[in-house]
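Peer 1: structure of the sequence below:
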Amino acid sequence: MKYSALGVSSITCPCCQNDTFDKDYRQLNSRGATFFGLDWANKEASILICKRCSYILWFMDEPAKK
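Peer 2: Residues are numbered from 1 along each chain as shown. All right, here's what the predicted structure looks like:
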């Protein structure tokens, strides 16, 4: 799938220049929340995984499908 974000019309991989990605989400754990068993309260980031070389791009704002 192709994506855009924050005014960039087509995101490309900085390693191989590919423009197709798989999207997933990862939790941004903090020591304090983990210590108290509150991992569910941590923020979540969107990640795009390059389909060619598997490089991972991280986004705090959701990338949009093209």
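
Peer 1: the residue nearest to the spatial centre of the chain: helix or strand, and which one exactly?
Peer 2: Against the mean C-alpha coordinate of the chain, by CA atoms, centre = their mean, the closest residue is I47 at 1.5 Å. Using DSSP states H and E, the element containing I47 is strand 44-50.

Peer 1: got it, and D24?
Peer 2: Going by DSSP H and E, D24 is in strand 21-27.

Peer 1: what packs against the strand holding I47?
Peer 2: Where contact means 3 or more CB pairs under 8 Å, 6 or more residues apart in numbering; DSSP states H and E, strand 44-50 is packed against strand 21-27, strand 56-59. Quick note: C-beta positions are derived from backbone N, CA and C, even for glycine.

Peer 1: list of residues touching it?
Peer 2: 3, 11, 13, 15-16, 18, 20-28, 55-63 (CB atoms under 8 Å, 6 or more residues apart in numbering).

Peer 1: residue ranges in this protein under the pLDDT threshold?
Peer 2: Along the chain, the model assigns pLDDT under 70 to residues 29-42.

Peer 1: if we can go back for a sec, now the buried members of the contacts of strand 44-50.
Peer 2: Using 16 or more other CB atoms under 10 Å as the burial test, these include Y3, I11, C13, F21, L57, P63 as buried.

Peer 1: how many other residues sit next to the nearest residue to the third one once chain neighbours are set aside?
Peer 2: The one in question is C13. Sequence neighbours aside, C50 is the residue nearest to C13 in space, at 4.2 Å (criterion: CB to CB, 6 or more residues apart in numbering). C50: 21 surrounding residues under other CB atoms under 10 Å.

Peer 1: mind listing the residues bridging to C50?
Peer 2: Judged by DSSP bridges, the bridge partners of C50 are F21.

Peer 1: ok, now S46?
Peer 2: Beta-bridge partners of S46, counted by DSSP bridges, are Y25, F59.

Peer 1: could you number the chain from 247 rather than 1 from now on?
Peer 2: Got it, first residue is 247 now, which makes that one S292.

Peer 1: element containing S250, please.
Peer 2: Element membership of S250, judged by DSSP H and E, is strand 249-250.
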